[in-house]
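> return a 3D structure for these sequence lines:
(one chain, ligands or ions: 1)
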Amino acid sequence: MATTNHAANATQHSVIVVMVPLPAQGHLHQFLELARRLASAHNIPVYYVSTVAHVRQAQSRARGWDPLNTPNLNFSEFSVSFDVPPPNPDASIKFPSQLVPAFNSSLQLREPVAELVNNLSSKARKVVVLHDFLTSWIVQDVPKIPNTECYCFHTVSAFLIFSYIWDAARPPVPSEAEVVLKQIPSLEGCNSPELEEFAKKQLQARVFGVGNIFSTSRVIEQLYLDLIEKTYVKDFKHWALGPFNPVEIPIPTPDAEKRRHYSLEWLDKQTENSVIFVSFGSTTSLSEEEIKELAKGLEQSEQRFIWVLRDADKGDIFSGDVRKCQLPEGYEERVAERGIVIRDWAPQLEILGHVATSGFMSHCGWNSCMESISMGVPIAAWPMHSDQPRNALLITKGLKIGISVRVWEKRNEVVPAETIEKVVKTLMASSEGEEMKKRATELKEAVKLSVMDGGAAHKEMESFVAHITR
Ligand SMILES: O=c1ccn([C@@H]2O[C@H](COP(=O)(O)OP(=O)(O)O[C@H]3O[C@H](CO)[C@@H](O)[C@H](O)[C@H]3O)[C@@H](O)[C@H]2O)c(=O)[nH]1
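Numbers count the residues shown, from 1 in each chain. Down below sits the predicted model:
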């Protein structure tokens, strides 16, 4: 097993942080951004540990900063063996087939992680291990190592975590939460049996650490964070350290300006609040029939759009031929005046933050939700799997900043073009849509304030750092 192990170079430190993310794009930005904050703003040495493929992905997908040139941030990469099938867009459960083999391969990190932490623990007063719930199995030996402390980093919404508690125990909740929780969809159809099996393994190896970190903000999910806090034992700590995405789009340097994505230049030419961005994250693919209906629906809506249409993220995790999604003949030429189709990785945050963008058709992956809220963009919800159906409920019924396109109960039917057309028009060109936009803008302003000196998110980070370095 080849490793780039920096532990040998570590000098004596008070506290060292080791991060063990799940090797998946959706979990990457959050872990990486927390690593950056701890290493740069708080001067704590951080070790970001994962498979070779995931570390490469992390190094190339940091937003606007150079992870390789960040003092205090070290990458420990371990090569693992695995074989990953390509995505299957026609699968009845949309959970991507290529992911679980990649997750399973990460189980091989158990020994190297224990070895690394063991090594570091002799060089520091304390080693703090921040792990994903889905990497519990990897870190299960850590509590036996002296001078260590474990924290679970949830890269999902607080609403989702509380929805599991609600499923299991129906604790009393305020009416405002009850109205929403009563509508939570069952978990049927959310995960593949392979993922269920993987998650069960994590639950069995669960490490009962010191606290939870949530990838959310108190200004968005205070209601559900309070409910979670009430159900845990008293001295277990909780921090909401999000958002982990930038809340402002930085002005590009002259160099970055030259490399600016063509979709942003296209947006520059559109009028304010006129474009809907359509993208379904990094893990799922649409079937040919869904693509056909979506193409038709967008065209019939007569709204401007940017549509990211590619197969699930290659993300360096699987090799082999990738299907090229087919659009109806002559489609791109026909809609050229109004829309563009991106076949590659898109600069999602910049697109959402552009003044011309005012709607987002999204699968409701949690990063996409947080990014959309941070940029004040209401959502047309098209959930596909995992936490997405429940996130969609939070967005549409809890925060009231969105509308459903793919209704979860009708997930076995292809969403027809007429529904897509209607939803896009409602979001982009109706008083109902304007209301959603207004609420999304209010949330955006609150999030912006929260990350400033003295704001809720800022204070929360200070409290977390004070706790781990105590
Ligand atoms: O062309 C693209 C596609 C994606 N992204 C970014 O990739 C991330 C995608 O994350 P997310 O919206 O959460 O979707 P997934 O990649 O599908 O995330 C997985 O992980 C999330 C966090 O646990 C879960 O909420 C999702 O359900 C799960 O599918 C976001 O930061 C996007 O900005 C881009 O920048 N460009």
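
> which part of the stretch 351-470 of the chain gets nearest to the ligand, residue-wise?
Nearest residue of the stretch 351-470 of the chain to the ligand (Cβ to the nearest ligand atom) works out as Gly365 at 2.3 Å. Heads up, the C-betas are built off the backbone N, CA and C, glycines and all.

> which strand or helix spans the residue nearest the centre of the chain?
By Cα atoms, centre = their mean, the chain has its centre lying nearest to Asn367, at 3.1 Å. In the assignment (DSSP states H and E), Asn367 maps to helix 366-374.

> what's the burial count for the residue in the stretch 101-250 of the chain that the ligand sits nearest to?
Residue of the stretch 101-250 of the chain nearest the ligand, by Cβ to the nearest ligand atom: Thr155 (4.0 Å). Per other Cβ atoms under 10 Å, the neighbour tally for Thr155 reads 26.

> residue contacts, it?
22, 26-27, 30-31, 132, 215, 366-367 (Cβ atoms under 8 Å, 6 or more residues apart in numbering).

> do the same with Val415
Counting by Cβ under 8 Å, 6+ apart, Val415 touches 290, 293-294, 297, 382, 405-406.

> 6 Å - rerun?
Contact analysis of Val415 by Cβ atoms under 6 Å, 6 or more residues apart in numbering lists 405-406.

> quick check: it is in a helix.
No - Val415: not assigned to a helix; according to DSSP: H, G, I helix; E, B strand; the rest coil it is coil.

> what's the separation between it and Ile161?
The gap separating Val415 from Ile161 is 28 Å, by Cβ to Cβ, to the nearest Å.

> ok, Val377 next?
The value you get for Val377 to Ile161, if Cβ to Cβ is used, is 24 Å.

> these two - which one has more neighbours?
Val377 (28 against 24).

> after the biggest helix by length in the chain, next one along is what?
When the chain is parsed with DSSP state H, its longest helix is helix 431-450. Sequence-wise, the next helix or strand downstream of helix 431-450 (DSSP H and E) is helix 456-468.

> outside of that following helix, which residues touch it?
If you take Cβ under 6 Å, 6+ apart as the criterion, helix 456-468 is touched by 42, 128, 217-219, 239-241, 450-451.

> so which of those residues belong to strands?
128, 239-240 (DSSP state E).

> can you pick the most crowded of those residues?
Counting by other Cβ under 10 Å, top hit in the ones in strands among the contacts of helix 456-468: Ala240 with 27 neighbours.

> the protein against the ligand: which residues are in contact?
24-27, 29, 155-156, 279, 281-283, 308, 345-346, 348-349, 365-368, 371, 386-388 (Cβ under 6 Å from any ligand atom).

> format the ones in strands among the contacts of helix 456-468 as JSON lines; extra columns: pLDDT.
Shown next, in JSON lines, are those (pLDDT from 0 to 100):
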{"residue": "Val128", "pLDDT": "98"}
{"residue": "Trp239", "pLDDT": "97"}
{"residue": "Ala240", "pLDDT": "97"}
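
> show me where this protein has its strands.
Going by DSSP E, the chain shows strands at 13-20, 46-51, 73-78, 124-132, 148-154, 211-214, 237-240, 275-279, 304-308, 339-342, 357-362, 379-381, 402-404.

> so which elements touch the first one?
For strand 13-20, the helices and strands in contact under the criterion 3 or more Cβ pairs under 6 Å, 6 or more residues apart in numbering; DSSP states H and E are strand 46-51, strand 124-132.

> ok, now how distant is the residue in the stretch 1-150 of the chain positioned nearest to the ligand from Gly281?
Across the stretch 1-150 of the chain, the shortest distance to the ligand (Cβ to the nearest ligand atom) belongs to Gly26, at 2.1 Å. Note on Gly26: its distance to Gly281, by Cβ to Cβ, is 7 Å.

> joint contacts of these two?
Gly365.

> please parse the protein into its domains.
Each domain of the chain is listed here as a residue range: 15-246+452-469, 254-448, per the TED database.

> first vs last residue of the first one, how far apart are they?
Yep, that's domain 15-246+452-469 we're talking about. With Cα to Cα, to the nearest Å as the measure, the ends of domain 15-246+452-469 fall 6 Å from one another.

> returning to what we had before: among the residues of the chain next to the ligand, which are located in helices?
Per DSSP H, the residues of the chain next to the ligand map to helices at 25-27, 29, 348-349, 366-368, 371, 388.

> which members of those residues are the farthest-apart pair?
Leu349 and Gln388 (18.9 Å; Cβ to Cβ).

> the more surrounded of these two?
The residue with more neighbours, out of Leu349 and Gln388, is Gln388; 29 against 21, by other Cβ under 10 Å.

> ok, now which ones touch the more buried one?
363-364.

> and if you look at the one 5 residues further on?
Contacts were defined as Cβ under 6 Å, 6+ apart; by that measure Leu393 touches Gln183.

> that one and Asn273, how far apart?
The gap separating Leu393 from Asn273 is 26 Å, by Cβ to Cβ.
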